[in-house]
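In: sequence plus predicted model, see below.
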Amino acid sequence: GAVVSQHPSRVICKSGTSVKIECRSLDFQATTMFWYRQFPKQSLMLMATSNEGSKATYEQGVEKDKFLINHASLTLSTLTVTSAHPEDSSFYICSARVEGQNTEAFFGQGTRLTVV
Amino acid sequence: GIQVEQSPPDLILQEGANSTLRCNFSDSVNNLQWFHQNPWGQLINLFYIPSGTKQNGRLSATTVATERYSLLYISSSQTTDSGVYFCAVRPRDSSYKLIFGSGTRLLVRP
C-alpha cells in the first residue's frame, strides 16, 4: 500500500510556543490530505481537509487560527499548532489517498503532542 | 451528518477464540475501511470494503451497503490482535473525508 510518513512522532513543548507537524506522501502524490485528532480512549475526529495550493477546509468547531494548515506541494502538508496550551495535548494523525475514484486512505504514524 | 456506530465497545477474548465486530452507519456511503490501531497509535489498514466480502488470513470482512452495516470477523485470535478496531466510512456527499466509528477495544488474553 501507499506510504504516509508523519514527523515528529512525539513532541513536548512549552505553553505559548508553536509546533509544526509534517505529513508526507512518500510514493504518491496527494492533492488532498486530512488531519485528525484523537484524545485518549476516543475515536478519531476530523479537524480539516488540506488542499494543495489552496486554503484548508476546517470542520465545525475547529479554530483555523489555532491550527494552521499549509499544503504547499503534492507530497507535503503541515499542521502548525499555534500558541499551544495544555488542552491542545493530543494525538494528531494525518491521512492521504492515491488520486482517483474511490481509493482507500492511508495514515501516518501519528504525532503525540504534550504541552507543558 | 452520518452516524457510525460500532459494537461491542469492549471485548475480551481467550486466545484462539473467534469474534465478530459490527459497524452500522446511518446513510449511504461510497467507501468503508476497517483499521486496527496498535498500542503505539499507528492505524493499520485491514480492509477497504465498500461492499462484498474479503478475506486476509485470519481476518475477513463483509459489507452489506444496502443494509448499512459491515462486519469484521477475527478467527483463532492471538494476543497480537489486541488493540482498537475502527471502521470508517466515506459519506456519499463528502470530499473523500472519512468519518470514524467509536471503535471496539479488543483484549486477547493468553
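Out: Thanks, I have the structure now.
In: is stretch A:106-116 anywhere near chain B?
Out: Yes: using CB under 8 Å from any CB of the partner chain, stretch A:106-116 reaches chain B at A:106-107, A:109-110, A:112. For the C-beta atoms, the positions are set from N, CA and C on the backbone; glycine is no exception.
In: which strand residues bridge the residue nearest to residue B:43 when sequence neighbours are not counted?
Out: Excluding the flanking residues, the one nearest residue B:43 by CB to CB, 6 or more residues apart in numbering or on different chains is residue A:107, at 4.2 Å. Judged by DSSP bridges, the bridge partners of residue A:107 are residue A:95.
In: so what's the residue count around residue B:51?
Out: For residue B:51, the number of neighbouring residues by other CB atoms under 10 Å in any protein chain shown comes to 13.
In: what about it, distance to residue A:2?
Out: 22 Å (CB to CB, to the nearest Å).
In: with residue B:48 instead?
Out: As judged by CB to CB, residue B:48 and residue A:2 stand 12 Å apart.
In: and residue A:63, by the same measure?
Out: When distance is defined by CB to CB, residue A:63 is 30 Å away from residue A:2.
In: between these two, which one's more packed in?
Out: The residue with the greater number of neighbours, taking residue A:63 and residue A:2 and applying other CB under 10 Å, is residue A:2; the counts read 16 against 10.
In: enumerate the residues of chain A near chain B.
Out: Taking CB under 8 Å from any CB as the criterion, the contact residues of chain A with chain B come out as A:1, A:32, A:34, A:36, A:38, A:41-46, A:49, A:57, A:91, A:93, A:95, A:97, A:102-107, A:109-110, A:112.
In: check contacts around the closest residue to chain A within chain B.
Out: Among the residues of chain B, residue B:48 lies closest to chain A, at 3.8 Å counting by CB to the nearest CB. With contact set as CB atoms under 8 Å, 6 or more residues apart in numbering or on different chains, residue B:48 has these partners: A:103-104, B:31-33.
In: per-residue pLDDT, it?
Out: Per-residue confidence for residue B:48 comes out at a pLDDT of 95.
In: now residue A:104
Out: Among the per-residue scores, residue A:104 holds a pLDDT of 86.
In: give me the neighbour count for it.
Out: By the other CB under 10 Å criterion, the neighbourhood of residue A:104 contains 20 residues.
In: whichever strand or helix holds residue A:34 pairs with which strands?
Out: For residue A:34, the enclosing helix or strand under DSSP states H and E is strand A:32-38. Paired strands of strand A:32-38, with direction, are strand A:44-51 (antiparallel), strand A:90-97 (antiparallel) (DSSP bridges).
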